[in-house]
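K.L.:
Just the structure for this:
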Amino acid sequence: MTTLNRPGAPDGHVCGIDAAMEVIGGKWKVLILWALDDRRDLRFGELRRLLPGITEKVLASHLREMEADGIVRRVSYEEVPPRVEYSLTDSGTRLNAALVPLAHWGRERRADGQGAERRVADGQSADARAARTPVADPTTPTAPPAPRAPAAHGSGER
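P.N.:
So this is what the prediction gives:
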């Protein structure tokens with residue numbers, strides 16, 4: 001993925017995030033990184049099976065771009081049938097380590113989003129609820145709240 005040069009920066013990037021997003025931008029690149037970090041030396045078909053929904057064309061294109069960016073290593077073996085394996089370079093491994101806090105934030109956001117939907121359904125604002133809710137340790141799993149009993153008809157509650 002190529003970023004057009006922007007005024008004010010010789011390399012076209014205005015900050016480090018901009019430079020990083022050039023490498024990992026798009027729907028699939030981060031998922032490819034995670035798959036390659038989880039399992040080393042994957043073949044194309046194995047990678048594709050680990051990423052349901054990705055097309056061969058998109059996977060091939062992203063792998064080429066990531067190889068050109070120096071975060072994925074492609075090794076071709078002279079065998080019959082030909083075998084090609086993909087793995088992370090040292091730079092790709094460091095990039096994956098940098099994404100760990102982002103993944104943690106995403107998990108927290110998902111958990112908060114599910115809770116926000118319940119609060120809206122209960123008629124409470126998320127801000128009011130957050131103001132009186134203590135901050136929990138994000139590494140400790142919590143049980144979901146018990147379902148509310150439906151209001152009896154004719155009780156005057158709405």
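K.L.:
Output the lowest mean pLDDT helix or strand found in the chain.
P.N.:
Within the chain, confidence by mean pLDDT, DSSP states H and E is lowest for helix 126-132 among all helices and strands, at a mean of 46.
K.L.:
just the helices in the protein please.
P.N.:
When assigned using DSSP state H, the helices of the chain occupy the ranges 16-24, 29-38, 44-50, 56-68, 90-122, 126-132.
K.L.:
okay, those in CSV with mean neighbour count next?
P.N.:
In short, each C-beta sits where N, CA and C put it, glycine included. What follows is the helices of the chain, written out as CSV (neighbours: other Cβ atoms under 10 Å):
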stretch, mean neighbour count
helix 16-24, 15
helix 29-38, 19
helix 44-50, 15
helix 56-68, 16
helix 90-122, 13
helix 126-132, 11
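K.L.:
Please name whichever of the ones you listed is nearest to residue 81.
P.N.:
Go through the helices of the chain one by one with Cβ to Cβ and the one that ends up closest to residue 81 is helix 44-50, at 11.8 Å.
K.L.:
who touches that closest one?
P.N.:
Residues outside helix 44-50 that contact it (Cβ atoms under 8 Å, 6 or more residues apart in numbering): 32, 35, 36, 39, 42, 54, 56, 59, 60, 63, 84, 86.
K.L.:
and if you look at stretch 81-89?
P.N.:
The contact list for stretch 81-89 (Cβ under 8 Å, 6+ apart) reads 33, 36-37, 40-44, 47, 63, 70-77, 96.
K.L.:
rerun that using 6 Å as the cut-off
P.N.:
The set of residues that contact stretch 81-89 without belonging to it, under Cβ atoms under 6 Å, 6 or more residues apart in numbering, is 36, 40-43, 70-77.
K.L.:
Most neighbours of all the residues you listed, which one?
P.N.:
Ranked by neighbour count (other Cβ atoms under 10 Å), the contacts of stretch 81-89 have residue 36 at the top, with 25 neighbours.
K.L.:
which residues sit in contact with it?
P.N.:
Applying Cβ under 6 Å, 6+ apart as the definition, the contact partners of residue 36 turn out to be residue 88.
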